[in-house]
Structure formats: C-alpha cells, structure tokens
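>>> Generate coordinates for the sequence data below:
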Amino acid sequence: MKKFIPIVLAVLMLGWVLSGMVQKSEAGFHFREFGKLPILSGGRYKPFDALARTSLLQIRTRQSVSWKENGHWKTMSATEWLVEVMMKPFDADDRPIFRIDNNEVLALLKLPDNQKYFSFRQIMPGLDEINRQAERIEGIEAAKRTVFETQLMKLDEALNLYQRLQVTLKPPATDDFAAELDAYQKNIVPGIEALKAREAGKKYDEKAFNILVNLMTGYKTVSQYALALTIPPEDPHAPPNAWQNIGTNLMQTARTGEINPAAKDYAAMVTAYRADAPADFNQAVTAYRVWLADRYTPQLHKASLEFFFSNFEPFYKAMVIYILALVAALIYLLFPAEWLRKSAFYWVLLALVIHTIGIAFRVYLEGRPPVTNLYSSAVFIGWAIVVLSLVLEKIYPIGIGLLAGSCAGFSTQIIAHHLGVGGDTMEMMRAVLDTNFWLTTHVLSVTLGYASTFLAGLLAIVYIAMGLFTKRLAEPWDTGTKLGKIEIGKVMAKMVYGIICFATLFSFTGTVLGGIWADQSWGRFWGWDPKENGALLIVLWNAMILHARWGGLVRDRGLMNLAIVGNIVTSWSWFGVNMLGIGLHSYGFTDAAFRWLMIFVGSQVAIIIVGLTPLDKWRSFQKAGGSAAAKP
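Residues are numbered from 1 along each chain as shown. As a prediction, this is how the structure comes out:
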C-alpha cells in the first residue's frame, strides 16, 4: 500500500498546480481583461497587469493591497488597484500601500509607530518635508547615507512612482474624460484660430482660447509625468518609438484635429469607472481590444501571455512544492522509509517541471536566453542545482540529492523574489549585453559554474550537519554492484568532488568566453573588471580544492570545509562585486542586499568553524573513534 503513497501525493500536488489555470468569470468590472491590454514601458511591450505588479512591489513589496474596513479585511488585486489609482485617484489615496519601517521617518511625518502601511492621504501633510529632505540627501553618496536617509529616499521614490501613475491615463482635474475629449475635438479648430489671432495681435474668441489652453495644460502635465506609453500609432507599421503617452498624443491632436481611437476608448473606460458603470467600462475595454486585434495582434497576444504567466505564478508554485519536498527529505534522513524518499523525489521532479516551464515561458516572452539579469540568474541557478541534484540522487539514491535540490530550489526562489521587488524582472539588456549568442554561451556557462559551486557547498553543509547530529555518515550504503557497501560519508565526498570538477569546467569555460565577448565589445580580453575578477576567483578556488584533494592535503572533512568557502567566493562574485558600484557590468548593480550578503558570509564562516570540531564530537564517528577518511 505504501508504494502508492508517493504517486497519490504527486497527483494531488499536480491537481493543485493545474487548478491555478482555472479562473472564475468576473462579475462587475472586467479588471482582468483590462490588465491584458498592452502598453510600452521600460523599453518593452507589457500588459497593464505587469505595470501594476511591479509598481506595487516597489511601493508595498507585495502584489496585492489589503486593508481592514468595518472590522473586515478587504483585498484588491494589483490591476484593480492600478485602475483605481489611474481613474479614481481620490479613492486610491486612502489605500494603505506605502510601507515605512524606519521610526525616524515615522517621527518626521508624525505617523503612528504601530502601523506598517500608510495611505497617501496620511503622508500628504509631510510631502513638503519629504521633498526638502530628499533634495538634501541627493547630494550624499549612497554608501554614506544613514539608515534614515536611505529609507526616506526609498519612500520619496515610491511617492514619485505613485504620483506618476495617477496621471498615466487622465489629467489630474478631469472628471468626465469622455465628455472632455468630445469638447476638445469640437474646440480644436476654433481654439487654434483664436490662438493664432491672439499671437497676431488681432481680436480673438476668448472662450475658445481659454478652453483650449485649460485642456492643453492638463495634457501637458500628463505628457511630462505619465509612467507608460499607452497610445499606439494608428499605423501598425510605425516603429515602437511612435507609441506615446496619452498626454503627448492629445497635445499633438491639436495639429491633426482627429483624436486617436485608443485615446477615446481609454477616456470611455475612465468615465465609466468613475461613474461606477461596469457594463460601459467592459464595453470600452472590448472595443479597444477589437481595435488592437486588427492592428497590433502580436503585442496583444504577448501581453495576454504575460498576464497568464504572472497569474499562473509557476515559480511560486514550484517553491511551495520544493518546501514540501524538503520537509519529506529531512524526515527521510532521520527516519529512513523508501516511500518518503520517493515522495520527495516525485515532488522535486514535479517542481522542476513547473520551474522549467516558467523559465521557458520567460525565454519566449523576452526573446532572450534564460539569464539576462540578477533576477533571472537566481531563477536559473536554482533550476541548475535541482537538475544536478536529481542526477546525483539517481546515481546515489540516499536522499541527499533530494535534500540539496529542494533546499536550493526553495532558497533561490526566495532570493529571486526579493530581487524582483526592485522593478521589472523582464527588463531589456543594455546595448553592449544585448547579444543572444554571448548571453547563451558565456552567461549560461558562468551561471552553471555558480550553481554547481553552490551545490558543492550545500552538500558540504549537509555533510557536517549529518556528521555532527546523526550517525548516518558512518552507515553503509549498498551500491548493488561489485563495489559492495560504501559509507554514506564517502558517498557524499564523491558527490562533492564530482560537482567541483563540473564547476571548475563551466566556470573556466564561461570566464574564457566572457573574455572573448569583452574583446569584441570593449576591445580588450581582460580588464580586471570586478565581475571578471569575481569569476576568476571561482575558477581559482575550485582548482585549488581539486589540487588540495589530489595532493592529499585534505580528506573528506577538509574537502567539505573548502567547498563551503566556495559558497563565500561565489556569493561575492554573484552579488558582492555588484555592490562596489564600479565596472562595466552595470546591468546588475545593487546595494540593497549588502546586509543579507554579510549575514550569509557570517553563517558560512560559522559552519566552517563548526566543521572543524574534533571528530570525537561527531555522532557519526564516535563509536569508530573517528574515521580516517573523514580527517582533514
């Protein structure tokens, strides 16, 4: 009976994953259909839903809005929140979306310290003070700013983003946008004539002139601050830079005399939403989609696919399954039962399939190889470690590969999530990096080097934990071959050695390919750039581990401690060099993770110290008095 448990559990998890593809029909406003509409932002076509999610992540660090009203919790999706911000900003100003964690910032704005999220209306009285402080802090280098100054600048950026979203689809003072556009089109000709007559010093129609000036003032505000380009040109063959924000488009309408159909449809949506008329809103959304389908089918299709991808959340679902597999693998190591190991295996395999689908979807949407920025590198590194872990588990079915793979799959998804908080995770590469061939060869090779080095370090951590707290390392494992039985500790040493060989190959290959790319892009093979130095450090460290092993300088335990040092070296190459703020690899700069990097390095140093504990303190070797193979 137990042999069916792993299959049943895997089927249940698959059912949960597939259930995410089924969405209930929307009653009232069709926010999901609106969220699928394409815009041009950040150098790429994306749906409104993507703009909503990335904006909320930057402002609130979450992809939805929740608040308590009359004793009940209410929740808004990202797209619903964005619609309210753009179309009914007065109501949106009451949503608690701005996260403030710093007590000094709270004191400056006279806000209560028992809250985490605040509304724009609560912050509004302190806007002048925020602007004054921001002007002062801008003159201070980021590395020299205090925690208060850093947090205040973060709040200032979030406020600027929010205020730009407010004018992305309509002027600030507009109520009935559809009626306003009708009046604007009727007044264009008399208004322009009045303007020309006034400039010529002749008598002019003051009413027509004032109407035009007032309307153009609002459109100018939108043209300057709107966050996204929402109006496509009527000619579908026009280049992408012909897309405009609605303010710029309406200002140019004064010359053509005809309002773009997209602007009319958006105006109808705004008016309907403000009037709480869902049928009219839905009709305007449908009309605009029909207009787009005749002219911009690829963009509409891409936006719809990205909307599906974001709502399906493959990486989140994979992370949940990795966590379950990790729990099952841990229990298996303490209480070995084959059904537990198989359950963990099927779960990791299922999570890997979902993980792979997510990466493939991103590749299709971006038109780029899997690794284009730090976010995608975290996703791909996790994927590569899981693949290698499953290979190890297939060769050595003792549960260790499942433990390492599920742990890496889960942790890298957490890292990727936090990297995604900073903005669009599908941003376009800078010109010098915008080469698919080198992204495929150099970047993937180096990233595989990162992944395998991390896997070796993770296996080493598992080795030390098992050796100190369990008797498993000294237990024999039947290979089922003429080799007979081998201690699990020796099996793990073989794993780490093989993975380090793999890491050395790919990190060296990737570094050489990077030099060739640099020679073509910058005219030199090697320039001691921080990122280049970091990649070289990984190659040298892995080579040193292998030579130490070959020369008999270290045995099993020494190999493990050196592999853990590899975690420190690789984390520095992956993140640390980016925090220096110098070098030509400017696509990955970030200083937000410095504290977490230091915590990670400290944890690895602590584990190495623990790994140097005398062997008579290790439970796995107490009876034997310490295995000779395990001595450093």
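>>> Now residue 410. Nearest residue, chain neighbours left out?
Counting by Cβ to Cβ, 6 or more residues apart in numbering, residue 410 lies nearest to residue 322, which is 4.1 Å off, once chain neighbours are set aside. To be clear about C-beta, it is placed using only N, CA and C from the backbone, and glycine gets the same treatment.
>>> And residue 286, by the same measure?
Nearest residue to residue 286, sequence neighbours excluded (Cβ to Cβ, 6+ apart): residue 33, at 7.4 Å.
>>> Surely that neighbour is in a helix?
Yes: Residue 33 sits within a helix when classified using DSSP: H, G, I helix; E, B strand; the rest coil.
>>> So it sits against residue 288, correct?
No: using Cβ atoms under 8 Å, residue 33 is not in contact with residue 288, being 9.7 Å away.
>>> the more surrounded of the two?
residue 288 (21 against 18; other Cβ atoms under 10 Å).
>>> if I look at that one, how far off is residue 246?
From residue 288 across to residue 246, the span is 13 Å (Cβ to Cβ, to the nearest Å).
>>> if we can go back for a sec, buried stuff in the helix or strand hosting the residue nearest to residue 410?
Element membership of residue 322, judged by DSSP states H and E, is helix 314-334. Across helix 314-334, burial judged by 16 or more other Cβ atoms under 10 Å covers 314-315, 317-326, 328-333.
>>> before we move on, what about stretch 515-534?
For stretch 515-534, using 16+ other Cβ under 10 Å, the buried residues are 515, 517-518, 529-532, 534.
>>> Same list (these) but as JSON lines, adding pLDDT, distance to residue 122 and secondary structure.
Below are the buried residues of stretch 515-534 laid out as JSON lines (pLDDT from 0 to 100; distance: Cβ to Cβ, whole Å; DSSP: H, G, I helix; E, B strand; the rest coil):
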{"residue": "515", "pLDDT": "85", "distance to residue 122": "54", "secondary structure": "helix"}
{"residue": "517", "pLDDT": "80", "distance to residue 122": "50", "secondary structure": "helix"}
{"residue": "518", "pLDDT": "78", "distance to residue 122": "50", "secondary structure": "helix"}
{"residue": "529", "pLDDT": "79", "distance to residue 122": "45", "secondary structure": "coil"}
{"residue": "530", "pLDDT": "78", "distance to residue 122": "42", "secondary structure": "helix"}
{"residue": "531", "pLDDT": "79", "distance to residue 122": "42", "secondary structure": "helix"}
{"residue": "532", "pLDDT": "83", "distance to residue 122": "48", "secondary structure": "helix"}
{"residue": "534", "pLDDT": "85", "distance to residue 122": "44", "secondary structure": "helix"}
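>>> Just name the closest of the residues you listed to residue 470, please.
Nearest to residue 470 among the buried residues of stretch 515-534 is residue 534, at 35.4 Å by Cβ to Cβ.
>>> Check which helix or strand the nearest residue in space to that closest one that is not next to it in sequence maps to.
Leaving out its chain neighbours, the residue that sits closest to residue 534 by Cβ to Cβ, 6+ apart is residue 573, at 3.0 Å. Under the criterion of DSSP H and E, residue 573 resides in helix 556-574.
>>> And that helix, what does it pack against?
For helix 556-574, the packing partners by 3 or more Cβ pairs under 8 Å, 6 or more residues apart in numbering; DSSP states H and E come out as helix 444-469, helix 488-522, helix 530-550, helix 594-611.
>>> Tell me which of those approaches residue 98 most closely.
Smallest distance to residue 98 across the helices and strands packed on helix 556-574 (Cβ to Cβ): 21.8 Å, for helix 594-611.
>>> neighbouring contacts of the closest one?
457, 460-461, 464, 468, 557, 560-561, 564-565, 567-568, 571-572, 575-576, 579 (Cβ atoms under 8 Å, 6 or more residues apart in numbering).
>>> any idea how far residue 36 lies from residue 227?
Residue 36 is 18 Å from residue 227, by Cβ to Cβ.
>>> Same check on residue 109?
To residue 227, residue 109 is 24 Å away according to Cβ to Cβ.
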